[in-house]
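[1] fold the following for me, if possible:
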Amino acid sequence: MSRGLTTEQRIAAKAPHRMVIALVDVHFSSGRLALALSPWDVSHSGVTYHRTGPLMKIEAAHESSKSFEGIVISMSGLDSSIMALAANEPYRGRLVRVLKAYVNPENGDLIGDPKVQFIGRVRSMPIAENNNECTVSLRAEHYEAELQRPAPLRLNNADQERLYPGDKGAEYADLLEDKVVVWPAREALMK
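    Below is the predicted model of the structure:
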């Protein structure tokens, strides 16, 4: 997809030997976790994305026009500080972004700014351990999935009082719940 790409990025995308790197941003309350799916560290806009090489993989998101499936990022053999984040940090609902960066194969520099491929929120971060390695699987849900959920607020007096204490604007809303309203009234039609 060439939408939003610069001219240099379009040329790199059509090249027979193109290089593309996935950059992963996860925003925790203790700071930002920035990882690059590459054998070297990548710096962009003052952020250093630490190399993971083959230790990280991103599973393809299977989305359709009616659903937003999300994404799974698996990380193994990483620094113990990342394992501590998965075990101790409140991760649910944190912002996660996956960026696509085009790289010049001759010198390893980024071509233009990386483009956003996925934005979502972390749903879970299960840890799987065995004798040889420890794997953290970050499962993220696309941000548009939140738009498909019903709103948690209702038009009733309890929600109105919780949001605006002392407001009597929805005081009688509960009485209208089972009320049958016929419009226009039969009496109005007979006049």
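
[2] surely Ile11 is within a helix?
    Yes. Counting by DSSP: H, G, I helix; E, B strand; the rest coil, Ile11 is located in a helix.

[3] who are the contact partners of it?
    Taking CB atoms under 8 Å, 6 or more residues apart in numbering as the definition of contact, Ile11 has no neighbours. All C-beta spots, glycine's among them, are computed from the backbone N, C-alpha and C.

[4] distance of it from Ala22?
    Using CB to CB, to the nearest Å, one gets 20 Å for the distance from Ile11 to Ala22.

[5] point out where the protein drops to low pLDDT.
    1-3, 53-54, 60-68, 78-79, 188, 191 (pLDDT under 70).

[6] okay, which residue is most central for it?
    The chain has Gly120 as the residue nearest its centroid, 0.9 Å off, counting by CA atoms, centre = their mean.

[7] okay, and the beta partners of that one?
    Partner residues in beta bridges with Gly120, using DSSP bridges, are Val96, His142.

[8] mind checking how far it is from Leu85?
    For Gly120, the distance to Leu85 - CB to CB - is 18 Å.

[9] before we move on, what about Pro105?
    With the distance defined as CB to CB, Pro105 ends up 33 Å from Leu85.

[10] these two: who's more crowded?
    Just comparing Pro105 and Leu85: by other CB atoms under 10 Å the higher neighbour count belongs to Leu85, 19 against 12.

[11] secondary structure element for that one?
    Leu85 belongs to helix 80-88 when assigned by DSSP states H and E.

[12] buried residues, that helix. List them.
    Of the residues in helix 80-88, those buried by neighbour count under the rule 16 or more other CB atoms under 10 Å are 82-83, 85-86.

[13] contacts for that helix, please.
    Contacts with helix 80-88, where a contact means CB under 8 Å, 6+ apart, come from 28, 30, 33, 75, 91, 125, 127, 134, 136.

[14] and these as a markdown table, adding neighbour count, distance to Val182 and secondary structure?
    Output for the contacts of helix 80-88, formatted as a markdown table (neighbours: other CB atoms under 10 Å; distance: CB to CB, whole Å; DSSP: H, G, I helix; E, B strand; the rest coil):
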| residue | neighbour count | distance to Val182 | secondary structure |
| --- | --- | --- | --- |
| Phe28 | 14 | 56 | strand |
| Ser30 | 12 | 59 | coil |
| Leu33 | 23 | 59 | strand |
| Met75 | 23 | 62 | strand |
| Tyr91 | 21 | 53 | coil |
| Met125 | 20 | 54 | coil |
| Ile127 | 11 | 60 | strand |
| Cys134 | 16 | 66 | strand |
| Val136 | 21 | 60 | strand |
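
[15] where do the helices sit along this protein?
    All helices of the chain, identified by DSSP state H, fall at 7-14, 80-88, 157-163, 186-190.

[16] nearest to Ala101, out of the ones you listed?
    Distances from Ala101 to each of the helices of the chain were compared using CB to CB; the shortest belongs to helix 7-14, at 9.4 Å.
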